[in-house]
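K.L.:
I'll drop the sequence and a predicted model, then ask my questions.
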Amino acid sequence: MTEQTKKRVAILISGRGSNMVSLIEAATQDGYPAEVVVVGSNRPDAPGLEKASQAGLETFTLDHKTFGKDREAFDTALSTKLKQHKVDLVVLAGFMRLLTPGFTEEWAGHMINIHPALLPSFPGLNTHERALEAGVKLHGATVHFVTSDMDAGPIIMQGAVPVLDEDTPETLGARVLDVEHQIYPEALALVAADRTRIEGQRVTIIGSDDLDDDLIAPTV
């Protein structure tokens, strides 16, 4: 695959950028169908910005505090930034902002997110604590297209881990994070290679000979 045919990706972060690092590393591999062209954050002090700079990437900050409660104005400015970089795909990697319907509609089908739970179970925050309280035997992570409903877009890929009797939110979260680092680059590759087709709330993987391409299952 030539450099010219790769999809141009913006990664948006709010914190340390753990998933961002795995995506940047994947994009350096031969044949990967996407290139990360910019990393943006709504927090000027996000540690991930320094990591992105060290990787030689351009970064930008759009401090949400300067917009007060005007979410539409922030999202309009963010969209302008993305367009300035001629972005094809937007990847949310710990971007802690609720995006407005206008923004999600503008980037519909071109924006993905990762959530630390097996959606539709446990949308929102504190997923590992809630999984332990619910007594589930499997937990994990989900990559999905972003819609105006929080953590509810069509699912691209999921990764599961067993929940152990001795687990704490921290130990369970660490295993889930390992899965996140595996499935997010794989899911982005599918989207960037135009191998995903959205049909209602379902995502079909195109050209797959492996029925498990969209699921990473644990050994229990």
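P.N.:
Here it is on my side, so go on. Residues are numbered from 1 along each chain as shown.

K.L.:
just the strands from the chain, written as ranges.
P.N.:
Per DSSP state E, the chain carries strands over the ranges 7-13, 34-41, 58-61, 89-92, 111-115, 138-145, 155-162, 196-199, 202-205, 215-216.

K.L.:
would you list these in JSON lines and tack on mean neighbour count, mean pLDDT and distance to residue 25?
P.N.:
For the C-beta atoms, the positions are set from N, CA and C on the backbone; glycine is no exception. JSON lines is the format used below for the strands of the chain (neighbours: other Cβ atoms under 10 Å; pLDDT from 0 to 100; distance: least, Cβ to Cβ, whole Å):
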{"stretch": "strand 7-13", "mean neighbour count": "24", "mean pLDDT": "98", "distance to residue 25": "12"}
{"stretch": "strand 34-41", "mean neighbour count": "22", "mean pLDDT": "98", "distance to residue 25": "10"}
{"stretch": "strand 58-61", "mean neighbour count": "16", "mean pLDDT": "98", "distance to residue 25": "17"}
{"stretch": "strand 89-92", "mean neighbour count": "23", "mean pLDDT": "98", "distance to residue 25": "14"}
{"stretch": "strand 111-115", "mean neighbour count": "24", "mean pLDDT": "98", "distance to residue 25": "15"}
{"stretch": "strand 138-145", "mean neighbour count": "25", "mean pLDDT": "98", "distance to residue 25": "17"}
{"stretch": "strand 155-162", "mean neighbour count": "22", "mean pLDDT": "97", "distance to residue 25": "17"}
{"stretch": "strand 196-199", "mean neighbour count": "13", "mean pLDDT": "96", "distance to residue 25": "22"}
{"stretch": "strand 202-205", "mean neighbour count": "15", "mean pLDDT": "95", "distance to residue 25": "23"}
{"stretch": "strand 215-216", "mean neighbour count": "16", "mean pLDDT": "61", "distance to residue 25": "18"}
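
K.L.:
and residue 179, which of these is closest to it?
P.N.:
Evaluated over the strands of the chain, closeness to residue 179 peaks at strand 155-162, with 3.7 Å, by Cβ to Cβ.

K.L.:
list the neighbouring strands of the closest one plus their orientation.
P.N.:
strand 138-145 (antiparallel), strand 215-216 (parallel) (DSSP bridges).

K.L.:
would you turn these into JSON lines with distance to residue 174?
P.N.:
JSON lines is the format used below for those (distance: least, Cβ to Cβ, whole Å):
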{"stretch": "strand 138-145", "distance to residue 174": "12"}
{"stretch": "strand 215-216", "distance to residue 174": "16"}
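
K.L.:
mind checking which of the ones you listed is nearest residue 94?
P.N.:
strand 138-145 (12.2 Å).
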